[in-house]
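Participant: Requesting a structural model of the entry that follows:
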Amino acid sequence: MVLYGFALFLIIIALLPLTQGTHWIIRGWDFIRVQTCFLQALILALIAIFKFPVDEWEYVVAITLLAAFIFQLYVVFPYSHYYPIRDSKPDDPASLRQISLLSSNVLQTNEEYHKLIEQVNIYTPDILLVMETDKNWENGLKELEKEYPNIVRVPLDNFYGMHLYSKYELAETQVNYLVEKDVPSIFTKVYFGSDKPLELICVHPAPPSPTENETSEERDAELLIVGKAVRELDPDHPILVCGDLNDVVWSRVSRLFAKITGLIDPRIGRGLFPTFHADYWYLRFPIDHLFHSKNIVVDRMLRLPNIGSDHYPMFFTFWLENGEKVEKPEIDSETNEEVEERIDEGLDRAE
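Facilitator: Numbers count the residues shown, from 1 in each chain. Below you'll find the model as predicted:
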C-alpha cells in the first residue's frame, strides 16, 4: 500500500506543472523532474519486485506511473548527450570572430572573491557577468577592472545586484527594472570590431519560492518582456540573453520564451549542466542560462568549479557568423494572447 501511495504522489507532482497554476508549490516541481524520474524508476522497480499489481486499481496506478515516467523522460531527454545538437561547427571557423563569456551568480554573502578571480584568470572571458553583487563584491573584483575597462555597475544589497565587465566597448547601455522595482536587468550592445554589435541582455528575475515571490508571475512576466524586446532587435545582429533565470529550460515559460524569440538553448544535445544548488549533488537543476540567436554557434560550454556560491559559474565560447540574417519566428494569436496575459498578470502582481 505504501508503494502505491508513493506512486500516486509521484504521478501528481509530475503532472502539477502542466496546469496553469503559478504558486511556488506547483511551479517548484518543474525544477526536479530529473530527480523525480529516478524516484519513479525506483518505485516501478520495487513494485515489479515486491508488490506486483493484483487488483485493478493497482494496475491503473502502476501503468499511470509508467506513463508519467515516460513523459518526464521525454521532457528532459533533449538536454542529454544523446540528443542531436541544434548547431554545428562552422565550415571555416578561423574566418569568424570568436568571443567568450563567463556568467556567475556569486551569492551576495560569499566573500571568497579570489575564487571567481582565479576562474576569470584561467579562462580569460571577453565578457564577465556577475549577479548578486553588492558594493563589497564590486570592491572585491576591483583588480579585474584593468583587463575589463568597460563596466556596468548595479550594486544592490538585496541579492539582485549585477555587474557586467567587458573587454570590448559597450554602447547604448540601459539598466532596466522591467517588472519589480528592485530587480534590474542590463541591455547593451557589445562592439567587438564589427559594424554589427552583439546584442546582450542580462537578467536575474526573482524565483517563485517560500522566501521570495509566492508565485512565478513576476518571473514569467520579466522573461516574456525580454522575449518581446528580443523580437524588436535588428535581425542582422547576433543576440545573447544570459543570467540566472531562476527557471528550468523545459518549463512552459522557458519554452514560450524560446518560441517567441527563436533563440537557441545550447544545453540541447550537450547536457543538463545543473548549476544550483552547488552544495547538494542530489538537488541540482539547470537555472543559469544562455540563449543565443541562430547566427551564433556555441563552441564550448563548461560548468566551472565552485567559487563558494550556491551556484556554479558557466563559461561559453562561441563564433559570431558574418552577415547572417535571422528571421523572426511567426507567432500565432493564441501564443501572443498567452504572452500578453502572463505579462499583465506579472505586472499587476508586482505593483
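Participant: how about the residue nearest to E143 when sequence neighbours are not counted, what does it touch?
Facilitator: Once flanking residues are discounted, E143 sits nearest to I117: 6.7 Å by CB to CB, 6 or more residues apart in numbering. (C-beta placed from N, C-alpha, C; glycine too.) Contacts for I117 (CB atoms under 8 Å, 6 or more residues apart in numbering) come out as 141, 143-144.
Participant: If any of the residues you listed are buried, put those into a PyMOL selection.
Facilitator: Remark: buried members of those, expressed as a PyMOL selection using 16 or more other CB atoms under 10 Å:
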select buried, resi 141+144
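Participant: Checking S104 next. Helix, strand or coil?
Facilitator: At S104 the chain is in strand, as set by DSSP: H, G, I helix; E, B strand; the rest coil.
Participant: my guess is it contacts M314, does it?
Facilitator: Yes: if you go by CB atoms under 8 Å, S104 and M314 touch, sitting 7.4 Å apart.
Participant: out of those two, which sits in the more crowded spot?
Facilitator: More crowded of S104 and M314, by other CB atoms under 10 Å: S104, with 26 against 23.
Participant: how much space is there between that one and Y160?
Facilitator: Relative to Y160, S104 is positioned 15 Å away (CB to CB, to the nearest Å).
Participant: What strand or helix carries I43?
Facilitator: helix 33-50 (DSSP states H and E).
Participant: what sits in contact with each of S104 and M314?
Facilitator: Common neighbours of S104 and M314 are listed as L304 (criterion: CB under 8 Å, 6+ apart).
Participant: what are the ranges of the helices in the chain?
Facilitator: For the chain, applying DSSP state H gives helices covering 2-15, 24-31, 33-50, 56-76, 113-123, 135-140, 217-231, 252-261, 333-350.
Participant: what's near enough to touch A62?
Facilitator: Applying CB under 8 Å, 6+ apart to A62 gives the contacts 4, 7, 44, 47, 53.
Participant: cutoff 6 Å now
Facilitator: A62 makes contacts with 47, 53, as judged by CB atoms under 6 Å, 6 or more residues apart in numbering.
Participant: Could you do A45 as well?
Facilitator: So A45 contacts nothing (CB under 6 Å, 6+ apart).
Participant: where's it relative to R27, distance?
Facilitator: Counting by CB to CB, the gap from A45 to R27 is 29 Å.
Participant: Run through who's touching stretch 48-55.
Facilitator: For stretch 48-55, the surrounding residues in contact (CB under 6 Å, 6+ apart) are 3, 59, 62.
Participant: Can I get stretch 331-338 as PDB, trimmed to CA atoms?
Facilitator: What follows is stretch 331-338, C-alpha atoms only, in PDB (Å, rounded to 0.1, in the frame of the first residue of the first chain):
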ATOM      1  CA  ILE A 331       3.600  34.000 -33.600                       C
ATOM      2  CA  ASP A 332       0.000  32.800 -33.700                       C
ATOM      3  CA  SER A 333      -2.700  34.700 -32.000                       C
ATOM      4  CA  GLU A 334      -3.100  32.100 -29.200                       C
ATOM      5  CA  THR A 335       0.600  32.300 -28.300                       C
ATOM      6  CA  ASN A 336       0.500  36.100 -28.400                       C
ATOM      7  CA  GLU A 337      -2.500  36.200 -26.200                       C
ATOM      8  CA  GLU A 338      -0.800  33.900 -23.600                       C
END
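Participant: That stretch: which residues count as buried?
Facilitator: Judged by neighbour count using 16+ other CB under 10 Å, the buried positions of stretch 331-338 are 331, 338.
Participant: Name the residues that touch it?
Facilitator: I260.
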